[in-house]
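K.L.:
Prediction below, plus the sequence it came from.
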Amino acid sequence: MIRLAVSGAAGRMGKAIITSIESNPATELAGALEREDSPFTGKDSGELAGLGKNGIRITDSVEKALKNCDAVIDFSAPEASMKLIETAVASGKAIVVGTTGFSHHQRDEIKEIAQKGRVVMAPNMSIGVNILLKLVHEAARAIGNEYDMEIIEAHHRLKKDAPSGTAIRIAEVAAAAVNRELEKVAVYERKGIIGERRPEEIGIQTIRAGDIVGDHTIIFAGPGERIELTHKASSRDTFAAGSVKAAVWLIDKPNGLYDMQDVLGLKS
C-alpha cells in the first residue's frame, strides 16, 4: 500500500484528492497539511472531505504531515509549494506538484531541486488535457507558420492566477513546435488601436466567471478555415485521480523532474 499525504487538504482540490486516495485500492492517506492560519487545523480530514472520520487530522506541521508518507501531493500556492518541495526531497519523499503560478525563477529552482529527488510537476493532471497537449504539438508542427494560434481559457471566479498554468503550457507546446520563444511572441491582452496582428503572435486570453472548473481551447485559424481543439473539465475529480496516478507511478522512479506526459507514456 502506498501512503500519501495531501498538501492543501482542506481546499476544493485537496478534498477531491483525499476522496480519490480513498477510492484507489493501491493507496491510503497518511497525512493532511494546511497553512498555519487555517481554521481547519485539527479537523478530521476524512470528515471534512465528506467521507466520514478517517483518523488523519489536518496539521500545519510539514514534518508531521510527511512523517508516515511515501509521497505527497501538493495543490497549494507557489511560496508554500517551494518550501514543501525542498522539505520533501530532503526527506526522501516523492512529490507531485499541481500548484500553478510559479515564476520562471521558481521553475528553474524546482528543476535544480529535482536532481536530488523525485518530482512530478504539471499544471494539469487530467488525462484529457495531456492528450490535448499531444494533439496541440502534432497540429502546430504540421501547420507550421501558416495559421494564427490563439488560446482561450476559462476558470471559476476564485482562481487567483492568470492565465492558467494549463493555458501557458498549451502555448509553450505550440510555440516549441514551430520554433518560437513564447516570451517573445505571447500576447495576453488586446485593447485599443493595436495595429495588425503579427504573424508570429500566440494570443492567450483569460475568462474568470462563476464556478467554471476549467475550459481550454486553442484555435488554429487560416485562410477560409480554422481548427479548434478544446478540453472542458466538468469535475475536479479528473485532476485528483490524475495526481494520485502520478504519485503511484513516481514511487519507484529515479530522481528527476517529470510531468504528466511521462506518467501517461505520451512522450515520443
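P.N.:
That came in fine, so what should we check first?

K.L.:
So for whatever helix or strand A80 lives in, what gets flagged as buried?
P.N.:
Element membership of A80 [criterion: DSSP states H and E] is helix 78-90. Judged by neighbour count using 16 or more other C-beta atoms under 10 Å, the buried positions of helix 78-90 are 80-82, 84-89. (Each C-beta comes from the backbone N, C-alpha and C, glycine too.)

K.L.:
Check stretch 135-155 too.
P.N.:
Result for stretch 135-155 [16+ other C-beta under 10 Å]: buried residues 136-137, 139-140, 143, 147-155.

K.L.:
cool, and stretch 44-56?
P.N.:
For stretch 44-56, burial by neighbour count (16+ other C-beta under 10 Å) applies to 44-46, 48-49, 51, 54, 56.

K.L.:
Could you do stretch 31-45 as well?
P.N.:
Those would be 31-34, 38, 40-41, 43-45, for stretch 31-45 by 16+ other C-beta under 10 Å.

K.L.:
from those, which is closest to S23?
P.N.:
For the buried residues of stretch 31-45, the closest approach to S23 (C-beta to C-beta) belongs to S45, at 14.8 Å.

K.L.:
Quick check, the closest one in contact with S7.
P.N.:
No - in this structure, S45 is not within contact of S7 by C-beta atoms under 8 Å, at 11.7 Å.

K.L.:
circling back to that earlier point, just the buried residues of stretch 44-56: which are in helices?
P.N.:
45-46, 48 (DSSP state H).

K.L.:
could I get those residues as JSON lines with pLDDT?
P.N.:
Output for those, formatted as JSON lines (pLDDT from 0 to 100):
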{"residue": "S45", "pLDDT": "97"}
{"residue": "G46", "pLDDT": "95"}
{"residue": "L48", "pLDDT": "92"}
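
K.L.:
for stretch 77-87, the distance to its chain's centre please.
P.N.:
Computed by C-alpha atoms, centre = their mean, to the nearest Å, the chain-centroid distance of stretch 77-87 equals 14 Å.
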